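**Q** just need the structure, nothing else, for what follows:
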Amino acid sequence: MSVSDQSPESSPRPLRIRPLAERKNLVDKRDFAKVLPPAPGFLQWFEALPDIYGSKNLKKVVDRIVTARQHGREVGMSLGAHVLKVGLSPLLIDLMRRGFVTHVATNGASAIHDWETAYQGATSEDVAQNLPDGSFGFWRETFAGINGATKRAHLRNEGLGLAIGRTILEGDLPYRHLSVFSEAARLGIPATVHVAIGCDIVHMDPELDGAALGASTLQDFWILCDSVGKLDQGVWLNIGSAVIMPEVFLKAVSAARNRGLLGNDFTTCNFDMLQQYRAMTNVVSRPPKEGLSVLAMHEIVLPLLHQAILCTAESRGMPMELR
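**A** Predicted structure coming up:
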């Protein structure tokens, strides 16, 4: 039976899209990490950690990051959505403001968490609660914000990440200071979004412009390729992405090498709670001269990483003025 032959009773009802204010959120801005300046005594404590396994790798990647930035080399990071969802954006933003991060790449879910945080100071709905009645993911303001940025990107020939950041800034969203994308746009740091169609709640919006989404996320891929092409003697961190970002990074490495822009003289480090095949293969093992791995929960290890970078840079006399 064709769609036109269906009776009204058998036709699907219109999608129910609800106001974001009605949603219960699992993460609130009050729970986010607090940014501290270099803490007296922390570097001595950090250096006293054993030079074995995880702590040895953490020490090494801190040294590589600070050394890379001392010499003007790239330090990029790719993020899984969990990193922003658990309130770590203030630490990442602080590193961006102090000049330790030159590129942020992430997936579509991260962009949603970032936008919702900027909009209402909270994110992460209760999926288990909302999935049974079909309300999961159908939030009016999130649809309008992200898909509006997608259309803007297409019209203005911007990458998706830049368009999201500028949308947050120009919209004067109340918690924009917690947004990685708005800070990246303000600072002029590339922030790219690498979308897998069907993975994000905004893809359920019937108003989504698929052509705009595809064009803007593809533009972000080539922006990432340009950054990866400058990675010699630099550092790339993969934080909490098990599949999408390791795959994107590997293709960016190949594209950069195809253009004659990249050797293997760089360091990578994978931060995650579990050891995952693609991250270990596509980030740690195959592309770099040296690949490292640190297994720990993000909300514990990233505050340590942040403080260790600041204290190490301070000990070397590096300028760390906030931009």
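
**Q** quick one: contacts for residue 165?
**A** By C-beta atoms under 8 Å, 6 or more residues apart in numbering, the residues touching residue 165 are 179, 181-186, 191. The C-beta positions use only the backbone N, C-alpha and C, and glycine is treated the same way.

**Q** I'd like those residues as CSV, with pLDDT, neighbour count and distance to residue 25 appended.
**A** CSV is the format used below for these (pLDDT from 0 to 100; neighbours: other C-beta atoms under 10 Å; distance: C-beta to C-beta, whole Å):
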residue, pLDDT, neighbour count, distance to residue 25
179, 98, 28, 16
181, 98, 31, 19
182, 98, 26, 19
183, 98, 25, 22
184, 98, 24, 24
185, 98, 24, 24
186, 98, 18, 25
191, 98, 30, 23
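
**Q** could you tell me which of those residues are located in helices?
**A** Among the contacts of residue 165, DSSP state H puts 181-186 in helices.

**Q** which residue comes closest to residue 203 once chain neighbours are left out?
**A** The spatially closest residue to residue 203, leaving aside those adjacent along the chain, is residue 197, at 6.2 Å (C-beta to C-beta, 6 or more residues apart in numbering).

**Q** the one you found should be in a helix, yeah?
**A** No - counting by DSSP: H, G, I helix; E, B strand; the rest coil, one finds residue 197 to be coil, located in no helix.

**Q** can you check the pLDDT for it?
**A** Residue 197 is assigned a pLDDT of 96 by the prediction.

**Q** show me the strands in the stretch 1-150 of the chain, by range?
**A** Ranges of strands in the stretch 1-150 of the chain, per DSSP state E, counting those that start in this stretch, are 25-28, 75-79, 103-107, 122-125.

**Q** and those: which comes nearest residue 115?
**A** Taking C-beta to C-beta, strand 122-125 is the member of those nearest to residue 115, at 8.6 Å.

**Q** and that closest one, what does it pack against?
**A** strand 25-28, helix 81-85, helix 108-120 (3 or more C-beta pairs under 8 Å, 6 or more residues apart in numbering; DSSP states H and E).

**Q** who does the shortest one pair up with?
**A** According to DSSP bridges, the neighbouring strands of strand 25-28, each with its direction, are strand 122-125 (antiparallel).

**Q** okay, the helices and strands packed on strand 122-125 in a markdown table with mean pLDDT next?
**A** Compiled in a markdown table, the helices and strands packed on strand 122-125 are given as follows (pLDDT from 0 to 100):
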| stretch | mean pLDDT |
| --- | --- |
| strand 25-28 | 95 |
| helix 81-85 | 95 |
| helix 108-120 | 97 |
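
**Q** looking at these, which is closest to residue 286?
**A** Closest among the helices and strands packed on strand 122-125, once you apply C-beta to C-beta, is helix 81-85, at 22.9 Å.

**Q** name the helices or strands packed onto the closest one?
**A** Going by 3+ C-beta pairs under 8 Å, 6+ apart, helix 81-85 lies up against strand 103-107, helix 108-120, strand 122-125, helix 298-315.

**Q** let me see the contact set for the closest residue in space to residue 19 that isn't next to it in sequence.
**A** With sequence-adjacent residues excluded and distances taken as C-beta to C-beta, 6+ apart, residue 19 is closest to residue 140, at 5.5 Å. Residue 140 makes contact with 17-20 under the criterion C-beta under 8 Å, 6+ apart.

**Q** what do you get for residue 200?
**A** 107-109, 112, 146.

**Q** which one of those sits in the busiest neighbourhood?
**A** In terms of neighbours by other C-beta atoms under 10 Å, the contacts of residue 200 top out with residue 146 at 27 neighbours.

**Q** nearest residue to that residue other than its sequence neighbours?
**A** Leaving out its chain neighbours, the residue that sits closest to residue 146 by C-beta to C-beta, 6+ apart is residue 202, at 4.6 Å.

**Q** re earlier: and the contacts of residue 165, which is closest to residue 40?
**A** Among the contacts of residue 165, residue 183 lies closest to residue 40 (C-beta to C-beta), at 27.2 Å.

**Q** for residue 268, see how far away residue 57 is.
**A** Noted for residue 57: a distance of 11 Å to residue 268, by C-beta to C-beta, to the nearest Å.

**Q** same question for residue 237.
**A** In this view, residue 237 and residue 268 are 7 Å apart by C-beta to C-beta.

**Q** between those two, who's got more neighbours?
**A** Using other C-beta under 10 Å as the criterion, residue 237 and residue 268 rank with residue 268 on top: 28 against 23.
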